[in-house]
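K.L.:
pasting the structure only:
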Ligand code: NAD
């Protein structure tokens, strides 16, 4: 089978090579993400795989179907970039990699939470400019002394909750789907209760019509004064202006964000900081805001699994087989 893989990173290549050697399939690779501009390159292939934060427009699905391709496989968890009705209307099947390594994202969230509550950005900036005084930052907080609300206790949120519980934190969860096994390390509450009680609120929901802009002014109004806000899921969950207002007023003690709603405007290049949108620049300038470039997933184990699982699934879908990772809605 001939597979075309879009948006390939250098560190994925050894696993692609291994897959080809083990299966005898051919995988051709492009560094660009899939778009209207390069969908024509998929002609003559049996299957395609991509990984990207930029949405895939409807016209692409139609063209893939015209080339005789039967699927679109993304090697990531979040599938908000896909237009599922358009995919199904074009007669294609879709899949993601639902669990390449939930721990990768959970561990990075924990890392940034630790950095945030011990004011490490402030101390890093102070010591770099020669200021070695403790007073360069306020007192830190200790994790076992905090109540932490996990919004979305799915694969990633529950992995994080389990680690936080093991460290002694009180963990609350908000999720419309109940998992009895999570009761060992978290307490299910409703959103208002979580926001009223939590010292830290961390987002791990998908981005969809229901969750888009969920962290808005009314949401931040309900959070405790002096609490921390984290988003390691999708930028579109948060209204950045509302977050900024709550950071500027000192209602929030700080934030850690791995994702921003407008990240695609500047993420794929080394940009002149001046061309970065004003809201992102304002966050960058704040001592109590930790930013990272959508890298919570980026570990050796995650990359290996993303490549292997997506390629095997793409072949199975192209062959008309059932797979666990198929996305239906
Ligand atoms: P998952 O499907 O296992 O869990 C998501 C959970 O959110 C589910 O339990 C679901 O019931 C819950 N949920 C849905 N709507 C909700 C709502 N309105 N309020 C509260 N909970 C709600 O997914 P996952 O593997 O845990 O991934 C979560 C998200 O993390 C993905 O959708 C993706 O956007 C993001 N993600 C980010 C990175 C990164 O590198 N930063 C990497 C992977 C995934």
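P.N.:
Perfect, thanks for sending it. Everything quoted here is computed from the prediction, not taken from an experiment.

K.L.:
How about the residue of the stretch 101-250 of the chain found nearest the ligand, nearest residue that isn't a chain neighbour?
P.N.:
Closest residue of the stretch 101-250 of the chain to the ligand, Cβ to the nearest ligand atom: residue 154 (1.7 Å). Heads up, the C-betas are built off the backbone N, CA and C, glycines and all. Nearest non-adjacent residue to residue 154, counting by Cβ to Cβ, 6 or more residues apart in numbering: residue 204, 6.5 Å away.

K.L.:
Residue 329 too?
P.N.:
residue 84 (6.3 Å).

K.L.:
Now do the domain split for this structure, please.
P.N.:
2-100+300-327, 102-291 (automatic domain parsing).

K.L.:
Tabulate these (CSV), appending mean pLDDT.
P.N.:
Output for the domains of the chain, formatted as CSV (pLDDT from 0 to 100):
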stretch, mean pLDDT
domain 2-100+300-327, 97
domain 102-291, 96
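
K.L.:
would you list those domains in JSON lines and tack on mean neighbour count?
P.N.:
What follows is the domains of the chain, written out as JSON lines (neighbours: other Cβ atoms under 10 Å):
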{"stretch": "domain 2-100+300-327", "mean neighbour count": "18"}
{"stretch": "domain 102-291", "mean neighbour count": "18"}
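
K.L.:
what does stretch 274-281 rub up against?
P.N.:
240, 241, 244, 260, 262, 263, 265, 266, 273, 284, 291 (Cβ atoms under 8 Å, 6 or more residues apart in numbering).

K.L.:
what's the farthest-apart pair in those residues?
P.N.:
241 and 273 (20.0 Å; Cβ to Cβ).

K.L.:
OK, contacts around the residue nearest the centre of the chain?
P.N.:
Most central in the chain under Cα atoms, centre = their mean is residue 233, positioned 3.8 Å from the mean C-alpha point. Applying Cβ under 8 Å, 6+ apart to residue 233 gives the contacts 78, 152, 156, 203, 204, 205, 206, 207, 259.

K.L.:
Does it belong to a helix, a strand or coil?
P.N.:
With DSSP: H, G, I helix; E, B strand; the rest coil as the basis, residue 233 sits in coil.

K.L.:
any idea how far residue 148 is from it?
P.N.:
15 Å (Cβ to Cβ, to the nearest Å).

K.L.:
Equivalent analysis for residue 328, please.
P.N.:
Counting by Cβ to Cβ - residue 328 and residue 148 are separated by 32 Å.

K.L.:
so which residue of the stretch 1-150 of the chain comes closest to the ligand?
P.N.:
For the stretch 1-150 of the chain, Cβ to the nearest ligand atom, closest residue to the ligand: residue 78, 2.9 Å.

K.L.:
give me the element residue 150 is part of.
P.N.:
In the assignment (DSSP states H and E), residue 150 maps to strand 147-151.

K.L.:
distance between the helix or strand that that strand is followed by and the chain's centre?
P.N.:
Counting by DSSP H and E, the next helix or strand C-terminal to strand 147-151 is helix 155-166. Distance of helix 155-166 from the chain centroid (Cα atoms, centre = their mean, to the nearest Å) equals 16 Å.

K.L.:
Can you tell me which helices and strands helix 155-166 packs against?
P.N.:
On a contact count with 3 or more Cβ pairs under 8 Å, 6 or more residues apart in numbering; DSSP states H and E, helix 155-166 meets helix 102-117, strand 147-151, strand 170-174.

K.L.:
what about the last one and the ligand, touching?
P.N.:
To tie it back to what came earlier, the one meant is strand 170-174. Yes - using Cβ under 6 Å from any ligand atom, strand 170-174 comes into contact with the ligand via residue 174.

K.L.:
Over to the second one?
P.N.:
Yes - applying Cβ under 6 Å from any ligand atom, one finds that strand 147-151 is in contact with the ligand at residue 151.

K.L.:
so does stretch 237-250 get close to the ligand?
P.N.:
No - using Cβ under 6 Å from any ligand atom, we find that stretch 237-250 stays clear of the ligand, coming within 8.4 Å at best.

K.L.:
what does that stretch rub up against?
P.N.:
By Cβ under 8 Å, 6+ apart, stretch 237-250 touches 203, 205, 207, 211-217, 219-220, 223, 229, 231, 252, 254-255, 257, 260-262, 279-280, 282-283, 286, 288-289.

K.L.:
Just the ones of those in helices?
P.N.:
The helices, defined by DSSP state H, take in 217, 219, 220, 279, 280, 282, 283 from the contacts of stretch 237-250.

K.L.:
you'd agree the second one is up against residue 194?
P.N.:
No - contact criterion Cβ atoms under 8 Å: residue 219 and residue 194 do not qualify, at 10.6 Å.

K.L.:
what's the nearest residue to residue 138 if we skip its chain neighbours?
P.N.:
Nearest to residue 138 is residue 119, by Cβ to Cβ, 6+ apart, at 6.5 Å.

K.L.:
Can you pull the residues of the chain lying near the ligand?
P.N.:
77-78, 102, 105, 151-157, 174-177, 204-207, 210-211, 232-234, 258-259, 294, 296-297.
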